[in-house]
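J.: just to be clear, the model below is a prediction. Sequence and coordinates:
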Amino acid sequence: MIDKRVNSLAEAVAGIKDGAVVLCAGFGGAGLPDALCEAIIEQGARDLTVVANNAGVGRTGLAALMAAGRVRKIICSFPRSSGSVVFEELYSAGKIELELLPQGTLSERMRCAAAGLGGFYSPVSVGTRLAEGKEHRENDGRIYVLEKPLKGDVALLAADRADRWGNLTFRKSQRNFNPTMAMAADLAIAQVRRIVELGELDPEVIHTPGIFVDRVVQVTF
């Protein structure tokens, strides 16, 4: 019997290794797997590379994980957004590395990893420091740079509902990077507001099929 439900946050994040690449969903304040991020503090994994849209909000969730000294590097699009106080403190002190990626590039690199593609050529960043060290190619008179797939060891997700097979639904803008990250990681872990009975989710409204999800834990958020 397929049953991807786990009984606790500790069980949900068990086995995450030091040095892992962690895809952390969320966009601004929507769809953030805060409980899972904070569970990793207790779990103990360190030297992590985190891929996220923002570099944390306030001092909870991803920001708390960074403040605990567990994140070596962050790959993101908006490191200095509203509320990114912890990142700014750590970066100013030289305690965290940053790789900056345009938002579309970030998303497409993860999609390539999910689809098993070798990367894509993009005109974005041509002529800037973001293109340094990357392969350049001309096509129809325009220069492009090669952007390689961005794959995660673990994806931390936040969904509205799930069933025991791991099928997920998201509420409005909560969806954001969650579906792509689920497909682009070896281990996908979802914190959900509610776990429902099998068959209760209409197949037409499932945003992420359970085949891409490994663990589901119910969390009040």
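T.: Perfect, I can see it now.

J.: output the longest helix seen in the chain in PDB with nothing but the alpha carbons.
T.: Secondary structure assigned by DSSP state H gives helix 103-115 as the longest helix of the chain. Extracted as PDB, the C-alpha positions of helix 103-115 are listed here (Å, rounded to 0.1, in the frame of the first residue of the first chain):
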ATOM      1  CA  GLN A 103      14.000  34.600 -11.600                       C
ATOM      2  CA  GLY A 104      13.200  33.100 -15.000                       C
ATOM      3  CA  THR A 105      16.600  31.500 -15.200                       C
ATOM      4  CA  LEU A 106      16.300  30.000 -11.800                       C
ATOM      5  CA  SER A 107      12.900  28.500 -12.600                       C
ATOM      6  CA  GLU A 108      14.000  27.200 -16.000                       C
ATOM      7  CA  ARG A 109      17.200  25.600 -14.700                       C
ATOM      8  CA  MET A 110      15.200  23.600 -12.200                       C
ATOM      9  CA  ARG A 111      12.700  22.700 -14.900                       C
ATOM     10  CA  CYS A 112      15.500  21.400 -17.100                       C
ATOM     11  CA  ALA A 113      16.700  19.200 -14.200                       C
ATOM     12  CA  ALA A 114      13.100  17.900 -13.700                       C
ATOM     13  CA  ALA A 115      12.800  17.100 -17.400                       C
END
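
J.: let me see the backbone angles for the residue sitting furthest away from the middle of the chain.
T.: Residue farthest from the centre of the chain, counting by CA atoms, centre = their mean, is residue 141 at 35.2 Å. With angles defined as degrees, to the nearest 10, residue 141 sits at phi 80, psi 0.

J.: measure it to residue 123 for me?
T.: 11 Å (CB to CB, to the nearest Å). For the C-beta atoms, the positions are set from N, CA and C on the backbone; glycine is no exception.

J.: shared neighbours of these two, which are they?
T.: With CB atoms under 8 Å, 6 or more residues apart in numbering applied, the contact sets of residue 141 and residue 123 do not overlap.

J.: okay, now stretch 142-159: how far is its last residue from its first?
T.: For stretch 142-159, the first-to-last residue distance is 40 Å (CA to CA, to the nearest Å).

J.: what mean pLDDT would you report for it?
T.: Here stretch 142-159 scores 98 as its mean pLDDT.

J.: all set, thanks.
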